[in-house]
Structures are given as structure tokens and as C-alpha cells.
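1. when you get a sec, could you give me coordinates for this:
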Amino acid sequence: MTSGRIIFLDGTSGSGRTSIARELPDILDDGVLFHLAADGFSAMRTGRELRTERLDTALRPTGEGRHRSIAALARVGDDIVVDHVLSEPWRLPDRVAVGGCPVRRRARSAGRTDPSRAGPGRPPAGFAAHQYDLVHAHGDYDLVCDTGTASPRECARRVKDFLPHRPGPTAFTRFRRRHLTAGRAGGNRHGVDPRPCRGMRVSGVESEMRSIGGMARDSGLSVSALRFYDRAGVLVPAWVDPVSGYRWYAPGQLDEARLLARLRRAGMPLADIRLVLAGWTGADTDLVQQLLEAHLRRLERGLSDARGEFSMLRALLDDREKSMTPLRTATARPALASPELAAALDAVRFAAGTDPELPMLGGVLFDIEGDSLRLVATDRYRLAVARVPVTGHGGSRVQVVVPLPLVDAMRALAGGPEPVRLFVDGDRVTLETGGGRQVAGRSLDHDFPDYLRLISLPAGRRAVVDVAAFRK
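-> Got it, this is the predicted structure:
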């Protein structure tokens, strides 16, 4: 069976290649010619609107399927004209790679159509110019038609006149040989896969670029960090596979990645890193130097501030250790009036703390010194101090923290006309009436804050207020 021929028309959007393809079936009178339009092939896909994140995933399989459909039609003898936009790097290598299938062509021609100007039914002005460098990056054609000066039918006649006299090898043959040669030179690690119908080897990118894993290994940045810097626009890959989303980095980006890693280790914010990388790439050494010096000054100020804060924390820690009133376990047996003790307990009980994380405040401090007993309670927000005269204590200062249940029991026992005696023996506290009734329990094994620092105010900082007026 004689295989068909493929006429491939390449050009940017709006360049007129589709109009030329429509003229060719009428111009070429030597057989049946199929025009396999890109838009018509895509129109067979589902009519449901695809989300943006799924668009690239759907378009590449469509393009690859179209390439293989072209090869299948040519295999059974059909002549085909194809109009295409080589708008992505994978398209031309994949199209050429399909030639690895057992299909012989009597003629194969690549033509380029140059854009003129935007107009009705065409993409907006500037769109074709945006595509131009990418579409014509390979730069190898059998025939070039300028659609800015020639009509589609004139271009179609030029194609007809060219086909019988086309030189060999054709542009596709030359392109394929270059890729196969490059693949063998690199141990067949890149270029077109020589196996039938396999297409372009993705590892061809690897020979010239670094994968994201290779970039992570060589730069010291993790894979997740590289993904983050891509999303942040700090270090954008040179190419991203439109199907798999896999990132590839150009050789020159390794120095940028290593610089980025150093700057991040130095704590430089991303906004400044963007400027440093831009200045580094553009050889703006003055800008880079200014940014580095500014960040160094910022670090020095931060270190100075941190040292000051740590000095303050050490001072506070020292004060806290000194502020804890040491508890003594000496024996004391002072006597005191029962009504005065009851009034003092009523005056301080409300201020005692109930926070389980602050057990030292969950009681009332009994501070016996000289001829007085001070009862102290606080919950950190309120501080209550009451004084009761005592007799019979001639020893050193004794302090115990009485738990609230024992405080309440003492209050229930006190209040009568008879005097009471307080016994402190180590960690045991007992209150006994003259009639022999008593309540007893163990003191709390916690340090109570030094309340004297709060109540021993210098002159001029203490005022007496009327309670009733204060409550109003």
C-alpha cells in the first residue's frame, strides 16, 4: 500500500495558515486531500467547559492524539494538509516522533506563514507577536510564505508549485535526524525516542535542565521549598511540563537557587530576596550591596534588642527567686483574741486564689512576727492584708500558708469571747480554744510571694479612703 503525504503548515494564531489549508484541496488536483484542522479536531471533545486547572491536562492528550491520527490516515494512503500552532515546546518533537511508526510518505513539506495584522475574526493585536518566537523557534522550513503580502490562494499555489521540486531531505527529516543524533550522543538520554510511536522522551529536558529533585540536591533547598518559591514568584522554573506539572530548571538557575538558600538562612525576607535576585541577574551590584547591608544592619539591631530582652528576663528571674518568702518551720504558740481573728479571716478570705496552676495562692499566709499576726491572701489581682495582735511569741519570724479548707474551719471555731491559741509545729497548724476545742491540719508546701514589697510603699504613695465612698 502506498502511504499518503503530509503537508504541514506552521504559523502563529491569525497568520492565515487555515485559509491556505482550505484552498489547497481545490488547488492540488492530483488526488484526494484531507484538511485535518486543529479546531475541528478539538471540537470533537466534550462540550462541557473545562476548569482552568484542568485545561492543560486535557489539551496535551488531544494534541498527541491528533498527531497519531494524522500518521494513521497517511498510513492507509490519505493525503493530508495540517495547520498547526507549535505554541508549546513538546509539540514539534512529538509530531516528528510519530514518524517512527511504519508509515512512508511520498512527500512531506513544512511551510511557515507569517502574521500580518489583527482584524475581524482574528486574535487581538499583539497575540501573534507574543507567539512568534516560540512557534518559529526551530527555524527550519521547506517553504516560507508571507501572508502579509500574498493571499491564501497565492500561497496555496506556491505550495503546489513547490511539491514536485522539493529538495531532500525535508525539514521533518532533518529535524528528526538532529534529535536522534543528540539522543545517541547523550547515551539516548534525550531527543526523540527511536522506538515506533513512542514520541518525545521527557528525559531530553534532563540533559539540558535540572529536574526539581536535582535542583533540590544541588542547591540545598528542599523540593517543597522550590515549589513554594515557584508559587511566590521568587524562583520560577524555566519550563513546567503541561501534563505532569513537573518543574525543570535551566543550568543558570542553580546559582540563583544557591544564593536564595543562603539569603533564607540569613533570614532575609522574600520581598528583599526578589530584589537581590533581580539585581544579581541584571548585574546591578550597587542594589545588591545596599540590600545586603540593610539586612545586616537589621540583623544587628535585632540581636541588640534580643540581648536587651534576655537581660531583662534574667533580671526578672533573679527578682522572682528573691521575692519568694522563705518558709520557716520553727515552733510558735501565740495567743490572740478570738473575735479579732474572726474579723481578720473575714477581711482576707475573699482574696484567696483558686487557680490550680497557682497552688501557692490557694491559702492564707499566717505571718507571725513580734507581737502581731498578719493574715495575707491574693489571687494576683487582689491583695488583702489584716493584722491581729498576739501575745506569747518571743521567737523569730514564722510563716505558714494555711489551706482554705483549714482557714474556713478556723473561722467557724473563732468568734467567741474566749481567747484562742495558734500552734505551729513544723508543717502542722492547730487552732485551739480555751475550752479545748480545736481544728488542725497541714500547711501548704509552697512559697508565698513577698507581699511586703507591695505594702511597704514610700511616703506619699499611700492614701486612706472611706470604704463606703470607694464602693460607690
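
2. look up the closest residue to residue 140, ignoring the ones flanking it.
-> residue 171 (4.9 Å; Cβ to Cβ, 6 or more residues apart in numbering). Using the backbone N, CA and C atoms, a C-beta is placed for each residue, glycine as well.

3. so that neighbour is in contact with residue 144, correct?
-> No - contact status for residue 171 versus residue 144: not in contact, 10.8 Å apart, counting by Cβ atoms under 8 Å.

4. more neighbours, those two?
-> More crowded of residue 171 and residue 144, by other Cβ atoms under 10 Å: residue 171, with 22 against 12.

5. quick check: that one vs residue 141, distance?
-> With distances taken as Cβ to Cβ, to the nearest Å, residue 171 is found 6 Å from residue 141.

6. for residue 80, same thing?
-> 18 Å.

7. show me which of these two is the more surrounded one.
-> Neighbours were counted for residue 80 and for residue 141 using other Cβ under 10 Å; residue 80 has more, 20 against 16.

8. looking at this, that one is in a strand?
-> Yes - secondary structure of residue 80 (DSSP: H, G, I helix; E, B strand; the rest coil): part of a strand.

9. can you give me the helices in the stretch 251-400 of the chain?
-> 253-265, 270-281, 285-323, 338-348 (DSSP state H, counting those that start in this stretch).

10. burial of residue 391, as a residue count?
-> Quick note: residue 391 (other Cβ under 10 Å) scores 12 neighbours.

11. so what's it up against?
-> Counting by Cβ atoms under 8 Å, 6 or more residues apart in numbering, residue 391 touches 334, 335, 336, 371.

12. now restrict these to buried residues only.
-> In terms of neighbour count (16 or more other Cβ atoms under 10 Å), the buried residues within those are 334, 336.

13. most widely separated two among the contacts of residue 391?
-> 335 and 371 (11.0 Å; Cβ to Cβ).

14. for residue 72, helix, strand, or coil?
-> Strictly by three-state DSSP, residue 72 counts as helix.

15. give me the number of residues near it?
-> Residue 72: 13 neighbours (other Cβ under 10 Å).

16. what's the pLDDT at it?
-> Note on residue 72: pLDDT of 77.

17. and the gap between residue 5 and residue 425?
-> Residue 5 is 115 Å from residue 425, by Cβ to Cβ.

18. reformat the contacts of residue 391 as a markdown table; add distance to residue 293 and pLDDT.
-> As requested, the contacts of residue 391 are exported to a markdown table (distance: Cβ to Cβ, whole Å; pLDDT from 0 to 100):
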| residue | distance to residue 293 | pLDDT |
| --- | --- | --- |
| 334 | 71 | 92 |
| 335 | 76 | 91 |
| 336 | 72 | 92 |
| 371 | 70 | 90 |
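
19. and of the contacts of residue 391, the nearest to residue 381?
-> Checking the contacts of residue 391 one by one against residue 381 (Cβ to Cβ), the nearest turns out to be residue 336, at 29.0 Å.

20. return the residues in contact with the closest one.
-> Contacts here follow Cβ under 8 Å, 6+ apart; on that basis residue 336 touches 373, 388, 389, 390, 391, 419, 420, 421, 422.

21. as TSV, the residues you listed with pLDDT would be great.
-> Converted to TSV, those look like this (pLDDT from 0 to 100):
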residue	pLDDT
373	94
388	94
389	94
390	93
391	91
419	87
420	92
421	92
422	94
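
22. dump those to CSV, plus distance to residue 229.
-> As requested, the contacts of residue 336 are exported to CSV (distance: Cβ to Cβ, whole Å):
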residue, distance to residue 229
373, 69
388, 71
389, 76
390, 74
391, 80
419, 81
420, 77
421, 78
422, 72
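
23. now these: which count as buried?
-> For those, buried by 16+ other Cβ under 10 Å: 373, 388, 390, 420, 421, 422.

24. OK, contacts around the third one?
-> With contacts defined as Cβ under 8 Å, 6+ apart, the neighbours of residue 390 are 334, 335, 336, 368, 371, 372, 373, 422.

25. follow-up on the earlier one: tell me which of the buried ones among the contacts of residue 336 is nearest to residue 444?
-> residue 422 (16.3 Å).

26. so what's residue 157 closest to, chain neighbours aside?
-> Per Cβ to Cβ, 6+ apart, closest to residue 157 is residue 27, 6.0 Å.

27. any idea how far residue 216 is from the most centrally placed residue in the chain?
-> The residue lying closest to the centre of the chain (Cα atoms, centre = their mean) is residue 228, at 5.5 Å. Using Cβ to Cβ, residue 228 is found at 12 Å from residue 216.

28. out of the helices of the stretch 251-400 of the chain, name the one with the poorest average pLDDT.
-> Among these, helix 285-323 scores lowest, with a mean of 80.

29. run a quick neighbour tally on residue 355.
-> Residue 355: 10 neighbours (other Cβ under 10 Å).

30. you'd agree it is up against residue 381?
-> No - Residue 355 is not in contact with residue 381 according to Cβ under 8 Å; the separation is 10.6 Å.

31. list the buried residues of stretch 363-383.
-> 363-368, 373-379.

32. residues near the closest residue to residue 345 other than its chain neighbours, how many?
-> Nearest non-adjacent residue to residue 345, counting by Cβ to Cβ, 6+ apart: residue 411, 4.6 Å away. For residue 411, the neighbour count with other Cβ under 10 Å is 17.

33. helix/strand/coil for residue 411?
-> Residue 411 ends up helix, using three-state DSSP.

34. by mean pLDDT, flag the weakest helix or strand of this protein.
-> Using mean pLDDT, DSSP states H and E, the weakest-scoring helix or strand in the chain turns out to be strand 108-114, at a mean of 40.

35. that older thread, okay, the residue nearest to residue 157: pLDDT?
-> Taking residue 27 on its own, its pLDDT is 82.

36. got the phi/psi numbers for it?
-> phi -70, psi -40 (degrees, to the nearest 10).

37. test my guess that it contacts residue 152.
-> No - counting by Cβ under 8 Å, residue 27 stays clear of residue 152, with 10.1 Å between them.

38. so those two - more neighbours on which side?
-> Set side by side, residue 27 and residue 152 show more neighbours around residue 152, with 19 against 16, by other Cβ under 10 Å.

39. can you get me a residue count around the closest residue to the more buried one other than its chain neighbours?
-> Excluding its sequence neighbours, the residue lying closest to residue 152 (Cβ to Cβ, 6+ apart) is residue 19, at 3.7 Å. Residue 19 has 17 neighbouring residues, counting by other Cβ under 10 Å.

40. distance of residue 19 relative to residue 147?
-> 8 Å.

41. check residue 218 too.
-> 46 Å.

42. which one's more surrounded, these two?
-> residue 147 (21 against 13).

43. surely the more buried one is in contact with residue 18?
-> No - counting by Cβ under 8 Å, no contact exists between residue 147 and residue 18, whose distance comes to 10.7 Å.

44. re earlier: format the helices of the stretch 251-400 of the chain as JSON lines; extra columns: mean neighbour count and distance to residue 66.
-> Below are the helices of the stretch 251-400 of the chain laid out as JSON lines (neighbours: other Cβ atoms under 10 Å; distance: least, Cβ to Cβ, whole Å):
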{"stretch": "helix 253-265", "mean neighbour count": "17", "distance to residue 66": "33"}
{"stretch": "helix 270-281", "mean neighbour count": "16", "distance to residue 66": "38"}
{"stretch": "helix 285-323", "mean neighbour count": "11", "distance to residue 66": "48"}
{"stretch": "helix 338-348", "mean neighbour count": "19", "distance to residue 66": "90"}
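
45. all good on my end, thank you.
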